[in-house]
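Q: coords please:
(chains A and B)
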Protein chains: 2
Amino acid sequence: MKIQKVLMSAGIHGNEKTPIFLLKKFQEKTNLVSRSNFQTETLIANHKAAKLHQRYLDVDLNRCFSQEVLNNSNTRYYEEILAQKIKRQIIESEADFILDFHSSSSNMLLTLLLSNDSPFNLELAAYLADKNPLVRIVRTARNIEKNRLRHLFPYGFTVEMGAIAPNVIDPIWFERTEDLVRDILDYLEKTNQDRQPKSPKTATIYSLTTPVYFPTNDRGEIKAMIHPDLQGSDYLVLDVGQPIFINFDGESIYHTGNRQAAIFISESAYFEKQIAFYLATKEEIAV
Amino acid sequence: MKIQKVLMSAGIHGNEKTPIFLLKKFQEKTNLVSRSNFQTETLIANHKAAKLHQRYLDVDLNRCFSQEVLNNSNTRYYEEILAQKIKRQIIESEADFILDFHSSSSNMLLTLLLSNDSPFNLELAAYLADKNPLVRIVRTARNIEKNRLRHLFPYGFTVEMGAIAPNVIDPIWFERTEDLVRDILDYLEKTNQDRQPKSPKTATIYSLTTPVYFPTNDRGEIKAMIHPDLQGSDYLVLDVGQPIFINFDGESIYHTGNRQAAIFISESAYFEKQIAFYLATKEEIAV
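A: Residues are numbered from 1 along each chain as shown, chains lettered A, B, ... in the order given. This next block holds a predicted model:
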């Protein structure tokens, strides 16, 4: 197991300023992210959106890394063309490990969204979760579309930090993420020296399944908000009967499905799609 | 002292969803905001921005209520034209008391930004602050431009609730603000019955003075973030030597000016203007 080249990216969403400024720091102080036995490259993905302080111009860039979009030569959407350009850069650079930094307005702490559930990804993620109580590990369930930047890579993950509002540089999450990056790069360096650090035997993994939408009236307007007991409680496991919404009359709406955790609760970027939160199955797996 | 008509407004900024949905509730359940001896009107100000989930389309609507903009018949900016339309509606409706609801990504709790420092505004605000530990009272310092919606009214205030990220309906602040509205309307009803509730003899008032900008390099790029000791600590009084920024090398930058409080710290909407926070002098005044 050898890592050749790490790509560290931020600004896939132009309004996520904490990751963008962390990456700028790494671009200026390259010694922080260089190691003896692999290369590190950096990418601020959507400069145009960052300059406008918007998530995107035409479409969400981090939904554009599907084969369908990447192979569509007829698109005129700014982010679809940008995704194709980034894909070509990645092929050229031969980067095999991704660290794609995002901030979330939800209480995602330091969530690692794995590029896939290869043994190496699980070992590294389990090591980090064991070391750092803020770390959570999420993988994409089998049947879910793989259209994020991370899905182009054999190894690595998206890092979601927060809660941070859009267009905020949060110094506390900035430092926590910088510490996490140091741990990850040190781990990779040791792995390349055949001294891969030991991971715990098991890890708690969340498998991202489906979005849950806000209840709407017959005009398509949102008619309930997240229940106060759930607001801010990302990774809470919902049992049947757990209140998840409260309508504007003060009546609660309860969880009825399988036992699953709620994540990305009230994420500001998902409001336009009326997504209230995502469900994820929680399991303890052998690493 | 009689109040004729209360205007309750939200959506001056289209991405501030908690106030917008609170106002929608009041529009559906008018009994919650109607009282025996004055009228209540509601206004969702910028529907177009709300639909796009943006703060504004062309310019910030809540900087358009200056005499200069209101009298400029040549403007083509959407929000400047909208401000002129709202001004005409207000004159027609003869509303004399404003409650303009906003959310902030800063820890503003329930901040009342007074339309002016008339004795009645101070009495009401002092009453509310005495009753509710979340309430803070802010007025605009004398020499500062008066260009907000509230400045068109003899009585009332802007309510800033938060911390809430843009495009989030926060159920906890929703309920707290609803409770505040009930207290305000009850107070006005009693005042109109010559039974104005007693206020405390003194109140803590913050007078908003100047913005403090992020430090920048010679290319105009932000080169430091809010210091972790200040992040999230709105209303902290800055003494000389208090660390206010930290640059990306980890060096602190210290407060050097007068003893003043910091508010609107890291407000996401101000990032585009590179405003890090606002200063406000804190004083205890007789009511």
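Q: run a quick neighbour tally on residue A:58.
A: Residue A:58 has 15 neighbours, counted by other Cβ atoms under 10 Å in any protein chain shown. For the C-beta atoms, the positions are set from N, CA and C on the backbone; glycine is no exception.
Q: show the contacting residues for whatever residue of the stretch 1-150 of chain A ends up closest to chain B.
A: Closest contact between the stretch 1-150 of chain A and chain B, by Cβ to the nearest Cβ, is at residue A:105 (3.7 Å). Residue A:105 is in contact with A:162, A:163, A:164, A:165, A:166, A:266, A:267, A:268, A:269, B:165, B:168, counting by Cβ atoms under 8 Å, 6 or more residues apart in numbering or on different chains.
Q: try it again at 6 Å.
A: Listed by Cβ atoms under 6 Å, 6 or more residues apart in numbering or on different chains, the contact partners of residue A:105 are A:163, A:165, A:267, A:268, B:165.
Q: swap in residue A:104?
A: Here residue A:104 is in contact with A:160, A:162, A:267 (criterion: Cβ under 6 Å, 6+ apart).
Q: got JSON lines for those, with neighbour count, secondary structure and pLDDT too?
A: Compiled in JSON lines, those are given as follows (neighbours: other Cβ atoms under 10 Å in any protein chain shown; DSSP: H, G, I helix; E, B strand; the rest coil; pLDDT from 0 to 100):
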{"residue": "A:160", "neighbour count": "26", "secondary structure": "strand", "pLDDT": "98"}
{"residue": "A:162", "neighbour count": "24", "secondary structure": "strand", "pLDDT": "97"}
{"residue": "A:267", "neighbour count": "24", "secondary structure": "coil", "pLDDT": "98"}
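Q: need those residues in CSV (columns: distance to chain B).
A: Converted to CSV, the contacts of residue A:104 look like this (distance: Cβ to the nearest Cβ, whole Å):
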residue, distance to chain B
A:160, 14
A:162, 9
A:267, 8
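Q: and for the helix or strand containing residue A:183, what's in contact with it?
A: Assigned by DSSP states H and E, residue A:183 belongs to helix A:171-192. By Cβ under 6 Å, 6+ apart, the residues outside helix A:171-192 that reach it are A:1-3, A:18, A:22, A:35, A:37, A:110, A:124, A:161, A:164, A:197, B:225-226, B:228, B:231, B:246.
Q: so residue A:259 versus residue A:237, what's the distance?
A: 6 Å (Cβ to Cβ, to the nearest Å).
Q: what is the end-to-end distance of stretch A:25-40?
A: End-to-end distance of stretch A:25-40 (Cα to Cα, to the nearest Å): 14 Å.
Q: the contacts of helix A:171-192 in strands, which ones?
A: A:110, A:161, B:225, B:226, B:246 (DSSP state E).
Q: pick out whichever of those residues sits closest to residue B:156.
A: Of all the ones in strands among the contacts of helix A:171-192, residue B:156 sits closest to residue B:226, with 31.2 Å by Cβ to Cβ.
Q: and the pLDDT for that closest one?
A: Looking at residue B:226, its pLDDT reads 98.
Q: so for it, what's the nearest residue that isn't a sequence neighbour?
A: residue B:266 (5.3 Å; Cβ to Cβ, 6 or more residues apart in numbering or on different chains).
Q: one step back: which pair in the contacts of residue A:105 has the greatest spatial separation?
A: Maximum distance among the contacts of residue A:105 (Cβ to Cβ): 11.0 Å, for A:165 and A:267.
Q: in the stretch 1-150 of chain A, which spans are strands?
A: With DSSP state E, counting those that start in this stretch as the criterion, the stretch 1-150 of chain A has strands at A:5-10, A:39-44, A:97-103, A:109-114, A:135-140.
Q: can you give me the buried ones in the second one?
A: Of the residues in strand A:39-44, those with enough neighbours to count as buried (16 or more other Cβ atoms under 10 Å in any protein chain shown) are A:40, A:42, A:43, A:44.
Q: partner strands of it, with direction?
A: strand A:5-10 (parallel) (DSSP bridges).
Q: how about the strand it pairs with, which residues are buried there?
A: A:6, A:7, A:8, A:9, A:10.
Q: show the pLDDT at residue A:45.
A: At residue A:45, the model reports a pLDDT of 98.
Q: and for residue A:249?
A: Listed pLDDT for residue A:249 reads 89.
Q: for residue A:257, same thing?
A: Residue A:257 is given a pLDDT of 87.
Q: doesn't it belong to a strand?
A: No - assessed with DSSP: H, G, I helix; E, B strand; the rest coil, residue A:257 is coil; it does not lie in a strand.
Q: next, count neighbours for it.
A: 12.
Q: near chain B, which residues of chain A are found?
A: When proximity is defined as Cβ under 6 Å from any Cβ of the partner chain, chain A approaches chain B at A:25, A:53, A:105, A:165-169, A:171-172, A:225-226, A:228, A:231, A:246, A:248, A:266, A:268, A:271-272.
Q: among these, name the buried ones.
A: By 16+ other Cβ under 10 Å, the residues of chain A next to chain B give A:25, A:53, A:105, A:165-169, A:171, A:225-226, A:228, A:231, A:246, A:248, A:266, A:268, A:271 as buried.
Q: most remote residue from the middle of chain A, which is it?
A: When distances to the mean C-alpha position of chain A are computed (Cα atoms, centre = their mean), the maximum falls on residue A:249, with 34.6 Å.
Q: which SS class is it?
A: coil.
Q: which one of the strands of the stretch 1-150 of chain A lies nearest to residue B:145?
A: Nearest to residue B:145, of all the strands of the stretch 1-150 of chain A, is strand A:97-103, at 32.8 Å by Cβ to Cβ.
Q: strand partners (parallel or antiparallel) of that closest one?
A: Sheet pairing of strand A:97-103 (DSSP bridges) gives strand A:5-10 (parallel), strand A:155-162 (parallel).
Q: what residues does it touch?
A: Defining contact as Cβ under 6 Å, 6+ apart, one finds that strand A:97-103 is touched by A:3, A:6-10, A:16, A:18-19, A:149-150, A:153, A:155-156, A:158-162, A:164.
Q: and if you look at stretch A:41-50?
A: Outside stretch A:41-50, the residues that touch it by Cβ under 6 Å, 6+ apart are A:7-12, A:14, A:20, A:23, A:26-27, A:56-57, A:61, A:93.
Q: by neighbour count, which of those wins?
A: residue A:12 (32 neighbours).
Q: my guess is that one meets residue A:63, correct?
A: No - with contact defined as Cβ atoms under 6 Å, residue A:12 does not reach residue A:63; the gap is 10.2 Å.
Q: let me know the secondary structure of the residue nearest to residue B:226.
A: Residue B:266 - assigned by three-state DSSP - is coil.
Q: quickly note the distance from it to residue B:220.
A: Taking Cβ to Cβ, one finds residue B:266 at 19 Å from residue B:220.
Q: swap in residue A:91?
A: Here residue A:91 is placed at a distance of 35 Å from residue B:220 (Cβ to Cβ).
Q: now do residue A:6
A: In terms of Cβ to Cβ, residue A:6 sits 30 Å off from residue B:220.
Q: and for residue A:252?
A: The value you get for residue A:252 to residue B:220, if Cβ to Cβ is used, is 50 Å.
Q: okay, now residue A:262: neighbour count?
A: 23.
Q: I'd guess it is in a strand, am I close?
A: Yes - according to three-state DSSP, residue A:262 belongs to a strand.
Q: got a list of what it touches?
A: By Cβ under 6 Å, 6+ apart, residue A:262 lies in contact with A:236, A:238, A:277.
Q: counting neighbours, what do you get for the spatially closest residue to the second one that is not a sequence neighbour?
A: Sequence neighbours aside, residue A:255 is the residue nearest to residue A:238 in space, at 4.2 Å (criterion: Cβ to Cβ, 6+ apart). One way to gauge burial is a neighbour count; for residue A:255, by other Cβ under 10 Å, it gives 21.
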